[in-house]
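J.: Provided below are the primary sequence and the corresponding predicted coordinates.
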Amino acid sequence: MNKEQYICLNGERFNAANPVLMVGNRSFRYGDALFETIRCIQQVPMFFESHYQRLLSGMTLLKMQSRTLPPINILRGQISSLITKNRLFGDVRIRLTVFREEGGLYTPASDKVNYLIEATHLETQKYTLNSKGLIMGTYENDKKVQSRFNPYKTANSLLFVMAGHYKKENNLDDVFIYNQNDQLIEALASNIYWVKDNVIYTPRRTSGCVDGIMRKQLLFLFEKEAYKFEEVEGTTVNELLLADEIFLSNAIQGIQWVVGLQSKRYYCKVSKQINRHLNDYAANYLMDFQES
């Protein structure tokens, strides 16, 4: 028999099998919500300061009342408590969703927020590089229009839903997403990087890609470890076919390396190096947190 699992809604725990949201929920009706996905190691939400600041920045943009979200230490404690309540051992995936209070049609009746924390077990420990490289494709049916909402993870995710459907239909591991300028700027749930002649390239935030939390950590590591890197406005299939390596990053998986795009096959030398640096960096983050 499966053990009971719990969620945390506005600081109160509920059985995950029971409905807790009403039909008037604005995330359901209008996509009026933001979310963060966070990896927890030893019950510690990794790089949580960056997740929290991105959430507050997105709330300000969407005119949600940021003061109605608990302080960072309260949320961190509620995440740890939920992990313990669910008896989750090892690494854990957290989804933290913030949505505007019910009421109103397109025009909200209130700008106060509710928040929901969900916790699920992860099979891997720390940031484990995939042993089998990803086979990539490109999603061309819809393009990401550049806007002020692009840096954030919102509940308005239809482009990514359809890209995911395309990935499944074509037996791919992931797909690259285009912006309105026909530049490849990100993957389905990851930022993208490619290596050519020992230089690492990645789309800059103005390209329309998500302002990834792991991307932020990697750019710091590139500089710290003296890698040559350059932010550009995006890339093309032809440029990627000339690259030596391609890898992806997100807050849950860390780094994933790409083995194939069309008929091209890639190495993973730099990807392995960066993954080692990332795990060392994460270990220091944990140590600093535990000592504070």
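T.: Arrived safely.

J.: following the longest strand anywhere in the chain, which helix or strand comes up?
T.: In the chain, assigned by DSSP state E, the strand with the most residues is strand 134-144. If you walk from strand 134-144 toward the C-terminus, the next helix or strand you reach (DSSP states H and E) is helix 158-169.

J.: Can you name the next helix or strand after that following helix?
T.: Moving toward the C-terminus from helix 158-169, the next helix or strand (DSSP H and E) is strand 174-179.

J.: Now do the buried residues in the helix or strand following that next one.
T.: Proceeding N to C from strand 174-179, the next assigned helix or strand is strand 184-187, under DSSP H and E. Using 16 or more other C-beta atoms under 10 Å as the test for burial, strand 184-187 gives 184, 185, 186, 187. (Glycine included, C-beta is placed from N, CA and C.)

J.: And the pLDDT for residue 2?
T.: Residue 2 is assigned 60 on the pLDDT scale.

J.: Closest one of the buried residues of strand 184-187 to residue 250?
T.: Nearest to residue 250 among the buried residues of strand 184-187 is residue 187, at 8.6 Å by C-beta to C-beta.

J.: isn't the closest one right next to residue 174, touching?
T.: Yes: here residue 187 reaches residue 174: they are 4.9 Å apart, a contact under C-beta atoms under 8 Å.

J.: what touches both of the two?
T.: Counting by C-beta atoms under 8 Å, 6 or more residues apart in numbering, the contacts common to residue 187 and residue 174 are 136, 248.

J.: Output the helix or strand hosting residue 194 in CSV, but only the C-alpha positions, please.
T.: Per DSSP H and E: residue 194 is located in strand 191-196. Output of strand 191-196 as CSV, limited to C-alpha atoms (Å, rounded to 0.1, in the frame of the first residue of the first chain):
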residue,chain,number,x,y,z
ASN,A,191,18.7,26.6,-20.9
ILE,A,192,21.1,25.6,-23.7
TYR,A,193,24.9,25.8,-24.2
TRP,A,194,27.2,24.8,-27.0
VAL,A,195,30.9,24.5,-27.2
LYS,A,196,33.0,25.4,-30.2
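
J.: Describe which strands it pairs with in its sheet and in which direction.
T.: Using DSSP bridges, the strands paired with strand 191-196 are strand 199-203 (antiparallel), strand 245-250 (antiparallel).

J.: Which of those has the highest mean neighbour count?
T.: Most buried of the strands paired with strand 191-196, by mean neighbour count (mean count of other C-beta atoms under 10 Å): strand 245-250, with a mean of 26.

J.: Residues in contact with the helix or strand just after it: which ones?
T.: Following strand 245-250 in sequence order, the next helix or strand is strand 254-261 (DSSP H and E). Contacts with strand 254-261, where a contact means C-beta under 8 Å, 6+ apart, come from 39, 126-130, 132-137, 174, 190, 214, 218, 237, 240-241, 245-249, 265-266, 268, 271-272, 274-275, 278-279.

J.: how about a cut-off of 7 Å?
T.: 127, 129-130, 133-136, 214, 240-241, 246-249, 265-266, 268, 271, 274-275, 278 (C-beta atoms under 7 Å, 6 or more residues apart in numbering).

J.: That one vs strand 174-179, what angle?
T.: Computed with axes from the mean of the first three to the mean of the last three C-alpha atoms, to 10 degrees, the direction of strand 254-261 lies at 90 degrees from that of strand 174-179.
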